[in-house]
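Peer 1: based on what follows, work out the 3D shape:
(one chain, ligands or ions: 1)
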Amino acid sequence: MATRLEEPTARGLAGAVSRAIGDGALAPGAKLPPIRHVAHHLGLSPTTVSAAWQLLARSGAIRTGGRRGTIVAQPRATGPSRYRQALRQRARFALDLSTGVPDPALLPDLGPALRRLHATTPSSYLDEPIVAELESLLRDRWPFAAERLAILDGAMDALDHVASAMLRLGDRAVVESPGFPPLLDLLDALGVEVIGVGLDDSGPVPELLTAALALRPAAVFLQPRAQNPTGASWTMARAQELARLLAAAPSTVVIEDDSAGDIASTPLFSLGTWLPERTVHIGSFSKSHGPDLRLAAVGAPAAILDPILERRLLGQGWTSRLLQHLLLDLLNDPLSVAAVAKARKEYARRRDRVTDVLRRDGVDVNGADGINLWLPVADEQAALISLASEGVGAARGAAFLAEPPPGRAPARRMSQAHRTIGHAPQHLRVTVGLVSRDHADVAGRLSRATRAGSWPAPR
Ligand SMILES: Cc1ncc(COP(=O)(O)O)c(C=O)c1O
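Peer 2: Sure thing, here's the model as predicted:
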């Protein structure tokens, strides 16, 4: 280690250990010597070594405090593990409600818009990355006056770009729990420590957000409406309250993910109204216009978005302007607009018909907006088996929960004052937006599944 140490500081020692792990000199599971030994051998103070260990632990390179002392951590799985776990049970179900995808039958027909594409001017490397007419249309409907607007390849691409640009190994980020599994996987892959905040029907519980902000997160990732998986949407009052709390955390960037977009029934409130200088708002067109368009708009301050767009020039460069023209056509064409409005109403109808029956059966469901329902069950595995035996697939709820960082209680337990959506022992995510018929029958199967297992149904 002495030969690797380039500077006698905590950061220098952390860098040396990190390089030793990187080149295999320290293998995963290897035990590090006690702090005082390291300090003595390297001629450093124990405080410096302890600070280096803290840096390494925050970045996930080592694990401290276990029975085995301080050890080199196993390399992080960087793939979409929670995402896969949520969908692991995918099999051939007569009715697969595990997927979280929109109903293809409710998407606008792309055929006419594709045929009209002939008329658009071919574009080159040198054109603006965003089609000007699309930008102007989006600005008119944007929930706040964003300094910069860009088109990226879907909300997940936007989350990836923003998180990768804003967050560093060992940073903390607040997420909703339950939340979107690929976001949790992404933050894991970046080595970011996640702080989960519980929700009620109007979004993150203020008291829990306050506690999370005390940990000085670099970013907060929130879904303003039709939250996946709970369906929760902010009221104006809640948005104002969240903005007030975040105003007191000036170094925290707010990233909003409006993934349901035009199929959401609830009005959109954005924290950008109050915090425009540090809000990134992402609006996806996947649920409303088609997941394979891979299009999302991002509005943010130039200081945040410009470096991301500059860096993107070294990769994809821009999002296909052909696709941007297609979206522009779909957003202007009265038939496509009517198709999206019809989809919005139909999703609301499907949701209501299933949740009405469930509520009548005493199942405490939310499912206020969007295509998903967060179904409280007595036992996740038993519920999945019960549904599978009736030909229905659902996603296991555990994958949607942000694990509390080691040594910290789950955020939702910190609240006595609020009854958060996550209060039931276990859940399934059910994409109720795909239930196009036999709603009462499907609801009956879901209801039975809530009671499957050894515990009484959550009421
Ligand atoms: C909350 C949330 N964010 C992001 C995405 C990904 O959206 P996109 O298809 O625009 O990448 C989804 C898709 O289901 C989602 O539910």
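Peer 1: check the spacing between Leu314 and the ligand real quick.
Peer 2: Leu314 sits at a distance of 21 Å from the ligand (criterion: CB to the nearest ligand atom, to the nearest Å). For glycine as for every other residue, the C-beta is placed from the backbone atoms N, C-alpha and C.
Peer 1: do Glu277 as well
Peer 2: Glu277 sits 24 Å away from the ligand, going by CB to the nearest ligand atom.
Peer 1: equivalent analysis for Gly393, please.
Peer 2: Gly393 sits 16 Å away from the ligand, going by CB to the nearest ligand atom.
Peer 1: tell me what the longest helix seen in the chain is packed against?
Peer 2: In the chain, with assignment by DSSP state H, the single longest helix is helix 334-360. Where contact means 3 or more CB pairs under 8 Å, 6 or more residues apart in numbering; DSSP states H and E, helix 334-360 is packed against helix 286-289, helix 321-332, strand 373-377, helix 439-451.
Peer 1: list the buried residues of that helix.
Peer 2: Residues of helix 334-360 classed as buried: 336, 339-340, 343-344, 346-348, 350-351, 353-355, 357-358 (neighbour count, 16 or more other CB atoms under 10 Å).
Peer 1: and if you look at stretch 103-116?
Peer 2: Those would be Asp103, Leu106, Leu107, Pro108, Leu110, Ala113, for stretch 103-116 by 16+ other CB under 10 Å.
Peer 1: and for stretch 258-270?
Peer 2: Buried residues in stretch 258-270 (16+ other CB under 10 Å): Asp258, Ser259, Ala260, Gly261, Asp262, Ile263, Ala264, Ser265, Thr266, Leu268, Phe269, Ser270.
Peer 1: please produce JSON lines containing the residues you listed, extended by secondary structure, distance to Asp185 and pLDDT.
Peer 2: As requested, the buried residues of stretch 258-270 are arranged in JSON lines below (DSSP: H, G, I helix; E, B strand; the rest coil; distance: CB to CB, whole Å; pLDDT from 0 to 100):
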{"residue": "Asp258", "secondary structure": "strand", "distance to Asp185": "20", "pLDDT": "98"}
{"residue": "Ser259", "secondary structure": "coil", "distance to Asp185": "16", "pLDDT": "98"}
{"residue": "Ala260", "secondary structure": "coil", "distance to Asp185": "20", "pLDDT": "98"}
{"residue": "Gly261", "secondary structure": "helix", "distance to Asp185": "22", "pLDDT": "98"}
{"residue": "Asp262", "secondary structure": "helix", "distance to Asp185": "26", "pLDDT": "98"}
{"residue": "Ile263", "secondary structure": "helix", "distance to Asp185": "24", "pLDDT": "98"}
{"residue": "Ala264", "secondary structure": "coil", "distance to Asp185": "24", "pLDDT": "98"}
{"residue": "Ser265", "secondary structure": "coil", "distance to Asp185": "29", "pLDDT": "97"}
{"residue": "Thr266", "secondary structure": "coil", "distance to Asp185": "27", "pLDDT": "97"}
{"residue": "Leu268", "secondary structure": "coil", "distance to Asp185": "26", "pLDDT": "98"}
{"residue": "Phe269", "secondary structure": "coil", "distance to Asp185": "27", "pLDDT": "98"}
{"residue": "Ser270", "secondary structure": "coil", "distance to Asp185": "25", "pLDDT": "98"}
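Peer 1: next helix or strand past the worst-scoring helix or strand of the chain on mean pLDDT?
Peer 2: The helix or strand of the chain with the poorest confidence is helix 81-86; it has a mean of 71 (mean pLDDT, DSSP states H and E). Per DSSP states H and E, the first helix or strand lying C-terminal to helix 81-86 is strand 95-96.
Peer 1: hang on, the earlier thing: tell me, which of the buried residues of stretch 258-270 make contact with the ligand?
Peer 2: Counting by CB under 6 Å from any ligand atom, the subset of those that neighbours the ligand consists of Ser259.
Peer 1: for Thr47, state which of the buried residues of stretch 258-270 is nearest.
Peer 2: Of all the buried residues of stretch 258-270, Thr47 sits closest to Ser270, with 44.4 Å by CB to CB.
Peer 1: quick check: that closest one vs Arg4, distance?
Peer 2: Distance from Ser270 to Arg4, counting by CB to CB, to the nearest Å: 48 Å.
Peer 1: make sure Val363 is actually in contact with Thr450.
Peer 2: Yes: between Val363 and Thr450 a contact is recorded at 5.2 Å, counting by CB atoms under 8 Å.
Peer 1: and the stretch 151-300 of the chain, which residues reach the ligand?
Peer 2: Proximity of the stretch 151-300 of the chain to the ligand is confined to Gly154, Ala155, Met156, Phe180, Gln223, Asn228, Asp257, Ser259, Ser284, Ser286, Pro291, Ala296 under the rule CB under 6 Å from any ligand atom.
Peer 1: quick check: chain neighbours aside, which residue is closest to the first one?
Peer 2: Using CB to CB, 6 or more residues apart in numbering and skipping residues adjacent in sequence, the residue nearest Gly154 is Arg294, 4.5 Å away.
Peer 1: what number of residues lie near the one you found?
Peer 2: 18 (other CB atoms under 10 Å).
Peer 1: please tell me how far it sits from Ala452.
Peer 2: Relative to Ala452, and taking CB to CB, Arg294 is found at 38 Å.
Peer 1: what helices and strands are in contact with whichever strand or helix holds Leu184?
Peer 2: Leu184 is located in helix 181-189, with elements delineated by DSSP H and E. Helix 181-189 sits against helix 81-86, helix 155-166, strand 172-176, strand 193-197, with contacts defined as 3+ CB pairs under 8 Å, 6+ apart.
Peer 1: who's in contact with Arg172?
Peer 2: By CB atoms under 8 Å, 6 or more residues apart in numbering, Arg172 lies in contact with Val192, Glu193, Val194, Ile195, Leu215, Arg216, Pro217, Ala218.
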